[in-house]
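> Just a sequence and a predicted model for now, questions to come.
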Amino acid sequence: KGFILVEDEKDTPGTLARLTKDGWTSVLKADVFDLMMPDRKMYVDGENVYVPTEKGLYVIHNRKSRLLTAKDDFFTLIRMDGKLFALAADGIYRINGAQPTLATAFSFEAPDYGLFTRKTHDGRLFIADAHSLYLYDGHNVRKLASGFNLIKSLLVDRWNRLWMATYQGVYLFFHTDFTNHRLTDSNDIVRALGIDGKGRLVMGSLNGKLLVDGQQCYAEE
């Protein structure tokens, strides 16, 4: 939260940057950032930066990177109950500074485009692969719903509701049911979403549109 990965068109290492009210400021440059793919999410954890890649999981400490494990299917990391976990195609692993250890074995059905996760206010985890949504309580993973057309992002709002961006639009998961907020342009795709300071749903689309509560927003607004 509050960090972005900045890249340019030159053959230079990627830059981890912190967002500020005036833009962004550089925090760290590292060659290992160039190994990242769009389906992987780095994780900033105190003084450590964890970088999942197709060559394995790296950790950067004091500006030096080392390969934590050559296991190549870690996609994202998150803290739960004070413990750091990494999500892989075959389950959820505990990260303890040494080799990751399998905490919960589970075969996600469609991890090819990555695994996304968001924490609920009561400490559980929503997890999504390309087509299904799951819930992890710290012990077991269970499937909540399936059949979506390429899930791209998850968001838990202040009311503990889950928002899910898909190629079909944005779904709101509330009271164990989904409400679909579809795009009016059938050729467009929701790629990211968030909640602004006024509690409005903000969506960014593949075709460069910014929508607030389903209505297109322009720069002058």
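Nice, I can see it. Values in this document were obtained by computation on a predicted structure and should not be read as measured data. Numbering: from 1, shown residues only.
> how far does stretch 163-170 stretch from start to finish?
The separation between the terminal residues of stretch 163-170, taken as C-alpha to C-alpha, to the nearest Å, is 7 Å.
> Pairing partners for the one residue sitting closest to the centre of the chain in the sheet, please.
Using C-alpha atoms, centre = their mean, the residue of the chain that lies closest to the mean C-alpha position is residue 116, 4.5 Å off. For residue 116, the beta-bridge partners under DSSP bridges are residue 128.
> Give me the pLDDT value at residue 12.
We note a pLDDT of 65 for residue 12 in this prediction.
> For the helix or strand where residue 68 lies, could you pull out the residues that count as buried?
Per DSSP states H and E, residue 68 falls inside strand 64-69. Neighbour counts over strand 64-69 (16 or more other C-beta atoms under 10 Å) mark 65, 68-69 as buried. In this view, the C-beta of every residue, glycine as well, is placed from N, C-alpha and C.
> do the same with stretch 197-208
Buried positions in stretch 197-208, judged by neighbour count with 16+ other C-beta under 10 Å: 201-205.
> tell me the mean pLDDT over stretch 150-162?
Looking at stretch 150-162 alone, the average pLDDT works out to 86.
> quick one: which of the buried residues of stretch 197-208 is nearest residue 36?
For the buried residues of stretch 197-208, the minimum distance to residue 36 (C-beta to C-beta) is 19.9 Å, reached by residue 204.
> what number of residues lie near the nearest residue to that closest one once chain neighbours are set aside?
Setting aside the residues directly before and after it, residue 204 is nearest to residue 192 in space (C-beta to C-beta, 6 or more residues apart in numbering), at 4.6 Å. A count of nearby residues for residue 192, using other C-beta atoms under 10 Å, gives 13.
> Residue 75 too?
22.
> pLDDT score assigned to residue 184?
For residue 184, the predicted pLDDT is 65.
> Same question for residue 74.
Confidence at residue 74, expressed as pLDDT, is 95.
> Then residue 71?
In this model, residue 71 is scored at 93, pLDDT.
> Would you list the phi and psi of the closest residue to it other than its chain neighbours?
The shortest distance from residue 71 to any residue that is not its chain neighbour, by C-beta to C-beta, 6+ apart, is 6.1 Å, and that residue is residue 56. In this entry, residue 56 is assigned phi and psi values of phi 130, psi -180 (degrees, to the nearest 10).
> what separates residue 56 from residue 13, distance-wise?
Using C-beta to C-beta, to the nearest Å, one obtains 18 Å as the distance from residue 56 to residue 13.
> The two: who's more crowded?
With neighbours defined as other C-beta under 10 Å, residue 56 and residue 13 compare such that residue 56 has more, 16 against 13.
> The more buried one against residue 69, yeah?
Yes: taking C-beta atoms under 8 Å as the definition, residue 56 is a contact partner of residue 69 at 5.5 Å.
> contacts for stretch 60-79?
Stretch 60-79 is contacted from outside by 28, 30-32, 39-41, 43, 45, 47-59, 84-90, 93, 95, 99-100, 111, 114-117, 119, 125, using C-beta atoms under 8 Å, 6 or more residues apart in numbering.
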